[in-house]
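> Sequence first, predicted coordinates after that:
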Amino acid sequence: MPADTVLRRRAALTTVSVVAGALALGGCAEPAADPRTAPASTATPAGDAATPSASPSDGAEASASASASASPSSSVSASASAKGSASAAPSGGTPTAAPAHPVAGAQALSADGTFTGLAFDTCTAPPLATMTAWRGTSPYGAAAVYIGGRNRGCAQPQLTASWVAAVGAGGWRLIPLYVGAQPPCQTGSSPEKITAATADSLGAADGADAVAKASALGMKPGSTLYLDVEAYNAADAACGDAVLAYTQSFDRAVKARSYRPGFYGFAGSSAAGIAKAAGQGAPDLPDALWYAKYDGAADTTGGFPYAADLFTGHRRAHQYQVNQKETYGGAALTVDRNAWDAPVAVTG
């Protein structure tokens, strides 16, 4: 992947232009320009716009409103009646000591593999020493890792079966992300893009590959694998249809191998397309929806941008803030923050 795409979320998200005709379902407009030109840890997102990538990357970017001043909440909802509160947080460029929010010990994994609590994602899986330092000293109990996909942008020297086993034994829950084929209307270049003609075949191949990658890392059947689809112009109906067909084919391939499909996307475009299809009763949809909406609220319910009856029953995750440099146990990472109430990988 070209080096400029690896900057992904670590960018100045405040200088984007807005494409007219964004999908109303997510309540967000989609900017046309790729803002990812600034060095890491220099800016946090602002405004009420989604940010499509020039090409896909490891993980999520901006989609809805952003808050550079919110920290992980003192409570993460596991039901429609609970909502986390935001408080002061570090800026994108300054390491901080642990803010006043709960440590990972207060979070739990249910018997069916659902984690409820705070999670972080970062482009490259951290060293084991960092994971050990953060366990119990940070507010996080789960971490997303990028297991594969032709559009995965960052090297993963740490991400091995032994690393997965070690962090799992240490109490971490892992969230597998697969950066598969990207929307046909997405600007820029990508190693793999969807077309209307190839959506089904690419989805089937990528779904099978995602399972193979997860299995090789020691993630067992029953694990939920999250397909990462970056932002696109939601006004382009044909583009959305191709993304949906690809996602449905990916999901069928994952389910056929006894794994569970999940989906990561932007509140105003890619995630909105899945939510719209779910509202219409479409088949072969993800079991869980992880949406990027940068409102600073560590919550999966009160600010949920779609119909309240969609993806209920511990099947939602919310990326609510990005580009936060945090230090716990003497180890620093720049991470994106997520409120999690959804299934994760089965390890151990």
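Done, it's in. Numbers count the residues shown, from 1 in each chain.
> Given the helix or strand encompassing Val335, what are its sheet partners and their directions?
Assignment of secondary structure by DSSP states H and E places Val335 within strand 331-343. Partners of strand 331-343 in the sheet, by DSSP bridges, are strand 114-121 (antiparallel), strand 316-328 (antiparallel).
> Take those and write them to CSV, including distance to Ser258, mean pLDDT and mean neighbour count.
Every residue, glycine included, has its C-beta placed from N, CA and C. Putting the strands paired with strand 331-343 into CSV (distance: least, C-beta to C-beta, whole Å; pLDDT from 0 to 100; neighbours: other C-beta atoms under 10 Å) gives the following:
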stretch, distance to Ser258, mean pLDDT, mean neighbour count
strand 114-121, 17, 97, 25
strand 316-328, 22, 98, 26
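> would CSV of those strands with distance to Leu177 be doable?
Conversion of these to CSV gives the following (distance: least, C-beta to C-beta, whole Å):
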stretch, distance to Leu177
strand 114-121, 7
strand 316-328, 11
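> Could you list the buried residues of the longest helix along the chain?
When secondary structure is assigned using DSSP state H, the longest helix within the chain turns out to be helix 237-256. Judged by neighbour count using 16 or more other C-beta atoms under 10 Å, the buried positions of helix 237-256 are 239-240, 242-254.
> out of those, who's nearest Asn323?
Sorting these by how near they are to Asn323, with C-beta to C-beta, puts Val243 at the top with 25.8 Å.
> any idea how far that closest one lies from Asp287?
18 Å (C-beta to C-beta, to the nearest Å).
> Repeat that for Thr301.
Counting by C-beta to C-beta, the gap between Thr301 and Asp287 amounts to 18 Å.
> count of neighbours near Pro283?
For Pro283, the count of nearby residues is 8 (other C-beta atoms under 10 Å).
> in terms of contact, does it touch Ser249 like I think?
No - here Pro283 lies out of contact with Ser249, judged by C-beta atoms under 8 Å, at a distance of 11.4 Å.
> would you say Ala196 is within a helix?
No - applying DSSP: H, G, I helix; E, B strand; the rest coil, one finds Ala196 to be coil, outside a helix.
> What residues does the residue nearest to Ala161 when sequence neighbours are not counted make contact with?
Here the nearest residue to Ala161 in space, its sequence neighbours aside, is Gly218; by C-beta to C-beta, 6 or more residues apart in numbering that works out to 4.5 Å. Counting by C-beta atoms under 8 Å, 6 or more residues apart in numbering, Gly218 touches 161, 164-165, 168, 347.
> Which among those residues count as buried?
Among those, the ones that count as buried by 16+ other C-beta under 10 Å are 164, 168, 347.
> Tabulate the CA atom coordinates of the one helix or strand the second one maps to in CSV.
Assignment of secondary structure by DSSP H and E places Gly168 within helix 161-169. What follows is the C-alpha trace of helix 161-169 in CSV, where atoms were taken according to Å, rounded to 0.1, in the frame of the first residue of the first chain:
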residue,chain,number,x,y,z
ALA,A,161,-0.4,-17.1,16.9
SER,A,162,2.0,-17.0,19.9
TRP,A,163,1.2,-13.2,20.4
VAL,A,164,-2.5,-13.9,20.3
ALA,A,165,-2.2,-16.7,22.8
ALA,A,166,-0.1,-14.6,25.1
VAL,A,167,-2.3,-11.5,25.1
GLY,A,168,-5.4,-13.7,25.5
ALA,A,169,-3.8,-15.5,28.4
